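[1] Provided below for reference: sequence and predicted model.
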Amino acid sequence: MKYNKLPNSALEVSRICLGTMTWGKQNTEAEGHAQMDYAFAQGVNFFDTAELYAIPKEKETQGSTETIIGNWFKKSGNREEIVLASKIAGPSKFNEHSIREEGFTKTAFEDALHGSLKRLQTDYIDLYQLHWPDRTTNCFGHRDYVHNADENWKDNIQEILQILEGFIKQGKLRYIGLSNEVPWGVMRFLEENKFNGLPRISTVQNPYNLLNRTYEIGLAEISMRENVGLLPYSPLGFGRLTDKYIEKNGLEDARIVLFPEMSRYNGKQSLEATQKYYDLAKQNNMSLATLALAFINAQPFVTSNIIGATKMDQLKENIESISVELSEEILSEINEIHNAIPNPAP
């Protein structure tokens, strides 16, 4: 395994992060524990979860993933060896079953954090992230920003950081991050650190893969100049960037088949680009998944690549991608495809 420093921290994290969102929905607790056992044995010391998980979200399974992780900590005794990341769900516009009604208020943070700590059977979370912005912006599949003049959101970012600072002082949180954010939001949080001395964000967790490289448009520069690491999620585009869809093998329990509402990667241009990336992978004697993950692992603004799998063979392949280095020629060919079909899945 290879490791990076979690930005603005003393923590070393594996460059492969174990994503957990299928545990409690597509995966049983025993399967989740087997994945953690295997990943930990391979040197993966960074796990990412959220109070909202399992995904797709349902009232009946909300919080189940954290419970599965907490039971593993109790059974294995490995809590101190793991850098643990979780998230507060945020406003109800992305949370139809209403974990809570309010957005990022002090009451909401108290409820979210203490619920997570209890399920995770731990006293602290290493990296606590805001799952999505409180305000209206262009995340979750919306490429362009349309301003809502009737929006009643008032800038509460200073207040959010003051609340999080209190939890840091109590020892319940160590570092903080964002998720599904855009350049304005990231810089606004950094402003409060620079000018008011409030806690500094370490990371942004956004979608990033061969079909969606929109992070590079504005946020990659912020990552490099401000030392804010990207934790890319959906590095395989809900599994679209794997061999099985093109080879028509093992699709009966594939995520995009089981959950057609996750149609973000099903568009015509996404399919065209995927075929080109698949052909490139095969020309170089590797799987499409390995090509896709190795590309992400090579990016200097990426702190750790959040991989997720429902089967052990997928997990093994994904972790092994850390040992694959793409040649300049392959990277150039990837960029040629990207230039011809840029960001087909926002």
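    Looks like it arrived, so ask away.

[2] how many other residues sit next to A30?
    9 (other CB atoms under 10 Å). Backbone N, C-alpha and C define where each C-beta goes, glycine included.

[3] and it, that's in a helix?
    Yes. Assessed with DSSP: H, G, I helix; E, B strand; the rest coil, A30 lies in a helix.

[4] I'd like to know how far it sits from W23.
    10 Å (CB to CB, to the nearest Å).

[5] Quickly find the element holding A34.
    Under the criterion of DSSP states H and E, A34 resides in helix 29-41.

[6] what does that helix contact?
    16, 18, 20, 23-24, 27, 47, 65, 68-69, 71-72, 75-76, 78, 81-82, 309-310, 312, 315-316, 319 (CB atoms under 8 Å, 6 or more residues apart in numbering).

[7] Next, the buried residues of that helix.
    Neighbour counts over helix 29-41 (16 or more other CB atoms under 10 Å) mark E29, E31, G32, H33, Q35, M36, Y38, A39, F40 as buried.

[8] mean confidence score for that helix?
    Summarised as a single mean, pLDDT over helix 29-41 is 98.

[9] does the residue lying closest to L127 once chain neighbours are set aside count as helix, strand or coil?
    Spatial nearest neighbour of L127, excluding adjacent residues (CB to CB, 6 or more residues apart in numbering): A85 at 3.9 Å. Here A85 takes the strand state, with states given by three-state DSSP.

[10] number of nearby residues for A85?
    29.

[11] Wait, it touches Y124, no?
    No. With contact defined as CB atoms under 8 Å, A85 does not reach Y124; the gap is 11.9 Å.

[12] coming back round to it: make a markdown table from the buried residues of helix 29-41 and add distance to N339 to it.
    Shown next, in a markdown table, are those (distance: CB to CB, whole Å):
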| residue | distance to N339 |
| --- | --- |
| E29 | 45 |
| E31 | 40 |
| G32 | 40 |
| H33 | 43 |
| Q35 | 36 |
| M36 | 39 |
| Y38 | 38 |
| A39 | 35 |
| F40 | 40 |
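
[13] residue boundaries of the helices in the stretch 151-300 of the chain?
    157-169, 183-196, 215-226, 243-247, 255-258, 268-283, 288-297 (DSSP state H, counting those that start in this stretch).

[14] Identify whichever of those lies nearest to E12.
    Smallest distance to E12 across the helices of the stretch 151-300 of the chain (CB to CB): 16.3 Å, for helix 288-297.

[15] Which strands or helices does the helix or strand where N71 lies pack on?
    Element membership for N71 (DSSP H and E) is helix 64-76. The criterion is 3 or more CB pairs under 8 Å, 6 or more residues apart in numbering; DSSP states H and E, and the helices and strands that helix 64-76 contacts are helix 29-41, helix 106-120.

[16] between those, which one is nearest to A273?
    Closest among the helices and strands packed on helix 64-76, using CB to CB: helix 29-41, at 29.2 Å.

[17] Give me the distance from the closest one to the chain's centre.
    19 Å (CA atoms, centre = their mean, to the nearest Å).

[18] what's the angle from it to helix 64-76?
    60 degrees (axes from the mean of the first three to the mean of the last three CA atoms, to 10 degrees).

[19] how about helix 29-41 as PDB, C-alpha atoms only?
    Extracted C-alpha coordinates of helix 29-41, given in PDB (Å, rounded to 0.1, in the frame of the first residue of the first chain):
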ATOM      1  CA  GLU A  29     -22.800  -7.400   8.000                       C
ATOM      2  CA  ALA A  30     -20.700 -10.600   7.600                       C
ATOM      3  CA  GLU A  31     -19.700  -9.400   4.100                       C
ATOM      4  CA  GLY A  32     -18.800  -6.000   5.400                       C
ATOM      5  CA  HIS A  33     -16.600  -7.500   8.100                       C
ATOM      6  CA  ALA A  34     -14.900  -9.700   5.500                       C
ATOM      7  CA  GLN A  35     -14.200  -6.600   3.400                       C
ATOM      8  CA  MET A  36     -12.700  -4.700   6.300                       C
ATOM      9  CA  ASP A  37     -10.600  -7.700   7.300                       C
ATOM     10  CA  TYR A  38      -9.200  -8.000   3.800                       C
ATOM     11  CA  ALA A  39      -8.600  -4.300   3.200                       C
ATOM     12  CA  PHE A  40      -6.900  -3.900   6.600                       C
ATOM     13  CA  ALA A  41      -4.600  -6.800   5.800                       C
END
